[in-house]
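J.: fold the following.
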Amino acid sequence: MPAEAFVAQLNEQIGHEFAAHQQYVACAIHYDAETLPQLARFFYRQALEEREHAMMMMKYLLDADADCVVPGVAAPQSRFSDIVEPVALALAQEKRVTEQINALAATARREGDYASEQFMQWFIKEQIEEVATMSDLVRVVSRSQSDPMTIEDYLVREHGGPEGEDPTAPHPAGAE
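T.: You can find the predicted model right below:
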């Protein structure tokens, strides 16, 4: 059974992941409304990824016979002043999630909950990738904000292919 402190913190993180899901949907809708389909597609994919992270966390708690709570979330920001703002918001969000994931791993370690610490390792690796991706996108969008089609071309070139499944990823709830 996972440590109580870890379970409480992971349940909070499930809420953060669902909030990130909604925020990315709001970003996608913004770009869809601006007829920037590649930026919209990128954020729709990111939204699904955040939802899946929450489902992975729920599956872990269910498998460990721990209390699993689906918390409510606040409404996301849905109005943006320019093409850069949603990506900058996403980068700040990914940095915040990285801190939250690291804190979860630290709690598991402090509590001697080695299974939960090991579970968090995949998320630590994932956050390194997420921050790098958003950092790159912020640079591209900032540099090319006066020519959105350059951004769209970048996304097709760098993020246009199908995403392969990571065989090391935890299984999400409902996926079996």
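J.: so what's the spatially closest residue to Pro2 that is not a sequence neighbour scoring on pLDDT?
T.: Setting aside the residues directly before and after it, Pro2 is nearest to Ser116 in space (CB to CB, 6 or more residues apart in numbering), at 4.7 Å. Any C-beta I mention is one placed from the backbone N, CA and C, and that applies to glycine too. In this prediction, Ser116 carries a pLDDT score of 98.
J.: doesn't Ala3 make contact with Ser116?
T.: Yes: counting by CB atoms under 8 Å, Ala3 is a contact partner of Ser116 at 6.8 Å.
J.: ok, back up a step: pull the number of nearby residues for the residue nearest to Pro2.
T.: For Ser116, the neighbour count with other CB atoms under 10 Å is 26.
J.: start the count at 36, not 1, going forward
T.: Sure, I'll start counting at 36 from here, so that last one is Ser151.
J.: quick check on it: phi, psi?
T.: phi -70, psi -40 (degrees, to the nearest 10).
J.: list the contacts of it.
T.: The neighbourhood of Ser151, defined by CB atoms under 8 Å, 6 or more residues apart in numbering, consists of 37-38, 41, 45, 95, 99, 139, 143.
J.: picking that back up, got any residues that touch both of Ser151 and Ala38?
T.: With contacts taken as CB under 8 Å, 6+ apart, Ser151 and Ala38 have Ala143 as neighbours in common.
J.: list the contacts of the residue nearest to Ala99 when sequence neighbours are not counted.
T.: Excluding its sequence neighbours, the residue lying closest to Ala99 (CB to CB, 6+ apart) is Pro37, at 5.1 Å. Under the criterion of CB under 8 Å, 6+ apart, the contact list for Pro37 reads 45, 96, 99, 101, 143, 148, 150-151.
J.: hmm, 7 Å instead?
T.: Taking CB atoms under 7 Å, 6 or more residues apart in numbering, we find Pro37 in contact with 99, 101, 148, 150-151.
J.: quick one, grab the pLDDT at Val105.
T.: pLDDT recorded at Val105 is 92.
J.: can you classify it by secondary structure?
T.: Under the three-state scheme (DSSP: H, G, I helix; E, B strand; the rest coil), Val105 adopts coil.
J.: also the one 5 residues further on?
T.: Counting by three-state DSSP, the backbone at Ala110 sits in coil.
J.: ok, it to Arg86 distance?
T.: 17 Å (CB to CB, to the nearest Å).
J.: of these two, who's got more company?
T.: Counting neighbours by other CB under 10 Å for Ala110 and for Arg86 shows that Arg86 has the greater number, 18 against 9.
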